[in-house]
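Student: Provide a 3D model corresponding to the input given below.
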Amino acid sequence: MNFSSAPVTFSLIAINVIISLIGFSNADFLDKAMMWPYRVKREKQYYRFISSGFIHADFIHLLFNMFSFYFFGTAIEFYFSQYGLGGNVSYLLLYFLAIIVSDIPSYLKYQDEPRYKSLGASGAVSAIIFACILFQPWGTILIYFIPMPFIVFAFVYLGYCVYMSNKNIGHINHDAHLWGSLFGLVFTVALIAVLAPQMFTVIVEELSHPHFGR
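Tutor: Okay, the predicted model is just below:
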């Protein structure tokens, strides 16, 4: 792992890990950072739209998100710079806007429910994953030593989140995965349309010709 190859991704992972570790041992800090729609509406604590995206419920939650983010985030950081799509400015916009946008549906749904709280980088990670499959849908990631195409992993990841959302365990905002995924696709398609529309031909060609194991 070379920091200079993907400085933004590694920096975001480090921030997530540090802030999450603080939250694991400081319940008061965690409570102030979580997305709490009821408090946001009544006390104008809009910072929670961002802070909630950098804390996690436990080590497994943190590891799962950061593992996924590492593989797909380093790729997106490269693609956005290599293909003239705004580089790190666009990458950071995608990441932070995804955190905010993916929390809006939950905020609207639970703004009058004082018991609802949520946390996690789910929205941003989902956005990065679904942005990445536009560029390399048939790239592979190892899951328990089993090679899995990016596009398959993306939908397995999303299915897992929908399943966990129905269980509603541990304040993890699994609904944010869905909205983050949609935002990641829309944002990246719009970015390509504005800055590099010629790429759509390549994307369609890539999607229509599966080639596993590359």
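
Student: quick one: the residue lying closest to Phe96 once chain neighbours are set aside from Leu185, how far?
Tutor: Nearest non-adjacent residue to Phe96, counting by CB to CB, 6 or more residues apart in numbering: Ile50, 6.9 Å away. (C-beta placed from N, C-alpha, C; glycine too.) Ile50 sits 22 Å away from Leu185, going by CB to CB, to the nearest Å.

Student: before we move on, what about Ala6?
Tutor: Counting by CB to CB, the gap from Ala6 to Leu185 is 22 Å.

Student: more neighbours: which of those two?
Tutor: Taking neighbours as other CB atoms under 10 Å, Ala6 and Leu185 compare with Ala6 leading, 22 against 16.

Student: can you list phi and psi of the residue sitting furthest away from the middle of the chain for me?
Tutor: Most distant from the centre of the chain: Arg42, at 27.4 Å, with distances by CA atoms, centre = their mean. Backbone geometry at Arg42, expressed as degrees, to the nearest 10, gives phi -90, psi -30.

Student: separation between it and Asp28?
Tutor: Distance, Arg42 to Asp28, using CB to CB: 19 Å.

Student: one more: Phe54?
Tutor: Taking CB to CB as the measure, Phe54 falls 16 Å from Asp28.

Student: give me the more crowded residue out of these two.
Tutor: A direct count of neighbours by other CB under 10 Å for Phe54 and Asp28 places Phe54 higher, at 21 against 8.

Student: and that one, what does it touch?
Tutor: By CB atoms under 8 Å, 6 or more residues apart in numbering, Phe54 lies in contact with Ile15, Asn16, Ile19, Ser20, Ala33, Ala121.

Student: per-residue confidence at the fifth one?
Tutor: Ala33 is assigned 95 on the pLDDT scale.

Student: and if you look at the first one?
Tutor: The per-residue pLDDT reported for Ile15 equals 97.

Student: once you drop chain neighbours, what's closest to it?
Tutor: Per CB to CB, 6+ apart, closest to Ile15 is Phe54, 6.1 Å.

Student: do the fourth one as well
Tutor: Ranked by CB to CB, 6+ apart and with sequence neighbours excluded, the top spatial neighbour of Ser20 is His56, at 4.4 Å.

Student: Tyr116: how many residues sit nearby?
Tutor: Under the neighbour criterion other CB under 10 Å, Tyr116 is assigned a count of 19.

Student: what's the burial count for Ile60?
Tutor: 10.

Student: tell me the secondary structure of it, please.
Tutor: At Ile60 the chain is in helix, as set by DSSP: H, G, I helix; E, B strand; the rest coil.

Student: show me where this protein has its helices.
Tutor: 7-25, 27-33, 37-43, 48-51, 59-82, 87-110, 122-135, 150-167, 175-195, 199-207 (DSSP state H).

Student: please convert those helices to JSON lines, extending it with distance to Ile143.
Tutor: JSON lines is the format used below for those (distance: least, CB to CB, whole Å):
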{"stretch": "helix 7-25", "distance to Ile143": "19"}
{"stretch": "helix 27-33", "distance to Ile143": "29"}
{"stretch": "helix 37-43", "distance to Ile143": "33"}
{"stretch": "helix 48-51", "distance to Ile143": "30"}
{"stretch": "helix 59-82", "distance to Ile143": "10"}
{"stretch": "helix 87-110", "distance to Ile143": "23"}
{"stretch": "helix 122-135", "distance to Ile143": "13"}
{"stretch": "helix 150-167", "distance to Ile143": "7"}
{"stretch": "helix 175-195", "distance to Ile143": "17"}
{"stretch": "helix 199-207", "distance to Ile143": "21"}
